[in-house]
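> Here you go, sequence then predicted model.
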Amino acid sequence: MEGRGKRVQHVIPRRSPRAAGFPDVVAPTTFTTVVQSPSVTQLLETPGTGLELHRVVHGSEKVEHRRPIVAGDDLTATLTITEVTERAGNHILSTICEIRDDTDDLVAVVTSTLLHRGDDA
């Protein structure tokens, strides 16, 4: 491939998002994953949960943005397990992760389903 190994840099001038009414560069909508990931890791590493990373499969995810995430946002993620069900020896965890800014305003809500495979799955 001709483009292999070439570094591409794309710079967005700050005047562009500001002209559109945003305080700074807007993050991609999937950036919520970066903010949410440490809380999921903390859940998986918490002793006594019985969760093992090598048995976890991501089932589904839905993100509801209340406002765009922009450069400079100081964000906090709080993960809550809302339901645990068992099917055929597997555990299905339903979670909600609230992402809030430094004024405690809700920025996004991430609803996820994680499947923890059982021993025979």
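Yep, that arrived. Here the structure is a predicted model, which is why all the values come from computation and not from measurement.

> now the residue nearest the centre of the chain, what's its secondary structure?
With the centre of the chain defined as its mean C-alpha position, the nearest residue by Cα atoms, centre = their mean is residue 33, 2.5 Å away. Per DSSP: H, G, I helix; E, B strand; the rest coil, the secondary structure class of residue 33 is helix.

> Distance check, it against residue 104.
Distance of residue 33 to residue 104, computed by Cβ to Cβ, to the nearest Å: 22 Å. The way it works is simple: take the backbone N, C-alpha and C, and place the C-beta from them, glycine included.

> ditto for residue 27
19 Å.

> Could you do residue 43 as well?
From residue 43 over to residue 104 (counting by Cβ to Cβ), the distance is 22 Å.

> higher neighbour count, these two?
Taking other Cβ atoms under 10 Å, residue 43 and residue 104 do not tie; residue 43 has more neighbours (16 against 7).

> that's a helix at that one, yeah?
Yes - Residue 43: assigned to a helix according to three-state DSSP.

> pretty sure it is in contact with residue 49, am I right?
Yes - counting by Cβ atoms under 8 Å, residue 49 is a contact partner of residue 43 at 6.9 Å.

> Please identify every residue contacting each of the two.
With Cβ atoms under 8 Å, 6 or more residues apart in numbering applied, the contact sets of residue 43 and residue 49 do not overlap.

> Quick one: residues in contact with stretch 36-43.
With Cβ under 8 Å, 6+ apart, stretch 36-43 has contacts from 49, 51, 77, 78, 79, 81, 95, 97, 99, 110, 112, 114.

> Which secondary structure state is assigned to residue 48?
coil.

> can you pull out the strands in this protein?
Secondary structure of the chain (DSSP state E): strands located at 56-65, 76-87, 90-100, 106-116.
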